[in-house]
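In: give me a 3D structure for the following:
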Amino acid sequence: MNIYVLLKRTFDTEEKITITGGRIDEDGAEFIINPYDEYAVEEAIQVRDEHGGEVTVITIGGEDAEKQLRTALAMGADKAVLINVEDDLEIKDQYTTAKILATYLEDKDPDLILAGNVAIDNGTGQVGPRVADLLGIPYVTTITDLKIDGEKVTVVRDVEGDEETIETTLPLLVTAQQGLNEPRYPSLPGIMKAKKKPLEELELDDLDLDEDDVEAKTKTIEVFLPPQKSEGKILEGELADQVKELVSLLHNDAKVI
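Out: The predicted structure is shown next:
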């Protein structure tokens, strides 16, 4: 089975975001594999181990993204591809990302493509479905279970607290939701093997793409942090007095009633 995983390098979840000159400051920041993409990598490895085949992880970025690809290889993926756009594109939107990934994949005959449900930085959840649409294959998002029987695929997807079971066929793209599996930690032998696994580096020219082909469809007007929240207030005294004080605060200070 020909399996691909779409992977993104994101800020560590513990990282404090700062903005300098209207842009997110990445100097000295720690980066990780997008946590939802870890579920995708783990599921890809399990599918390969059950059905055979090969797992290739792909990311778009600069040389720094090699670290996250090597981590995925240490988890058990077979190959990695870095589409290096560091010198070509300063800012990408979801259309740009999907166009580049779909162009790479269009002649690879993928049976299964996995991606994270969302990226924890932008959180749009668009890239996976956009790639599937460009490739003309079906997709199912926010999956929590995946079973493959020949060409038939049964998936369970999260639908805001409930679940939905869908039957479809390969080739297929799915996006992984929390609960799909428990991603493994790279072992020491896995880390050592990852150093020798193939990591291919491509540029837009290698895909017969130029900047006009992948021009962003959106424009970032402003980047800013959310307003700092004021401290909360604890009401004291009898319940009736607390209710009166709360009503007064909502009316006079918050001006919401």
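In: chain center to the lowest-mean-pLDDT helix or strand in the chain, what's the gap?
Out: One helix or strand of the chain scores below all others by mean pLDDT, DSSP states H and E: strand 23-24, with a mean of 76. From the chain centre to the centre of strand 23-24 is a distance of 20 Å (Cα atoms, centre = their mean, to the nearest Å).
In: over to stretch 178-195?
Out: For stretch 178-195, the distance to the chain centre is 17 Å (Cα atoms, centre = their mean).
In: returning to what we had before: outside of the least confident helix or strand of the chain itself, list whatever touches it.
Out: Residues lying outside strand 23-24 but in contact with it, judged by Cβ atoms under 8 Å, 6 or more residues apart in numbering, are 17-18, 223. Placement of C-beta: from N, CA and C, glycine included.
In: give me that answer again for 7 Å
Out: 17, 223 (Cβ atoms under 7 Å, 6 or more residues apart in numbering).
In: equivalent analysis for stretch 167-184, please.
Out: Stretch 167-184 has contacts (Cβ under 7 Å, 6+ apart) with 36, 38-43, 46, 75, 110-117, 128, 131-132, 137-144, 146, 151-155, 158.
In: take those residues and keep only those in helices.
Out: 36, 38-43, 46, 75, 128, 131-132 (DSSP state H).
In: how about the residues you listed in TSV, adding distance to I191 and neighbour count?
Out: Listed next are these as TSV, based on distance: Cβ to Cβ, whole Å; neighbours: other Cβ atoms under 10 Å:
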residue	distance to I191	neighbour count
Y36	22	23
E38	16	23
Y39	20	25
A40	20	30
V41	15	26
E42	16	22
E43	21	23
Q46	20	16
M75	10	23
G128	28	26
V131	29	27
A132	32	24
